[in-house]
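model this:
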Amino acid sequence: FSAYQNKLKLLKAEQLITTTNKNVNQISDELGFENSSYFIRVFKKEYNVTPALYKQRYLDKSQLDHKQHQTK
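This is a model prediction of the structure:
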């Protein structure tokens, strides 16, 4: 059950990371993780990157997509 619950929390975390300016501590608290270190560890196990790197890659991809759209 806890694995399923963490999976749902991580899906919500992914959404919050990509659509808000909340930091890792805020997201961890909002989703009910015991602390941000545990949240980062669980997130990295699932996505193979930290939440911060995930956000950076998302922002980089968004900027690239935007630039490519402008050149069309």
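
could you use CA atoms for every contact and neighbour count after this?
Will do.

enumerate every residue touching N25.
Contact analysis of N25 by C-alpha atoms under 8 Å, 6 or more residues apart in numbering lists N35, S36.

where does the chain have low pLDDT?
Across the chain, the ranges flagged by pLDDT under 70 are 69, 71-72.

run through the helices of it in chain order.
Applying DSSP state H to the chain gives helices spanning 2-19, 24-31, 36-47, 51-70.

next one: the first one to chain centre, how far?
Centroid separation for helix 2-19 versus its chain: 8 Å, with C-alpha atoms, centre = their mean, to the nearest Å.

how about it: buried residues?
Neighbour-count burial for helix 2-19 flags N6, K9, L10, A13, E14, L16, I17, T18 (criterion: 16 or more other C-alpha atoms under 10 Å).

can the residues you listed go into JSON lines with extra columns for distance to L53?
Below are the buried residues of helix 2-19 laid out as JSON lines (distance: C-alpha to C-alpha, whole Å):
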{"residue": "N6", "distance to L53": "20"}
{"residue": "K9", "distance to L53": "18"}
{"residue": "L10", "distance to L53": "15"}
{"residue": "A13", "distance to L53": "13"}
{"residue": "E14", "distance to L53": "12"}
{"residue": "L16", "distance to L53": "14"}
{"residue": "I17", "distance to L53": "10"}
{"residue": "T18", "distance to L53": "11"}
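
can you tell me which of those residues is nearest L64?
Nearest to L64 among the buried residues of helix 2-19: T18, at 15.2 Å, using C-alpha to C-alpha.

would you agree that closest one is in contact with K55?
Yes: judged on C-alpha atoms under 8 Å, T18 makes contact with K55 at a distance of 6.2 Å.

residues contacting the closest residue to L10 other than its chain neighbours?
Using C-alpha to C-alpha, 6 or more residues apart in numbering and skipping residues adjacent in sequence, the residue nearest L10 is F43, 6.6 Å away. Neighbour list for F43: L10, V49, T50, P51 [criterion: C-alpha under 8 Å, 6+ apart].

which one (most neighbours) among those residues?
Most neighbours among the contacts of F43, by other C-alpha atoms under 10 Å: P51, with 23 neighbours.

got the contact list for that one?
I17, V24, I40, F43, K44.

perfect, I'm done here.
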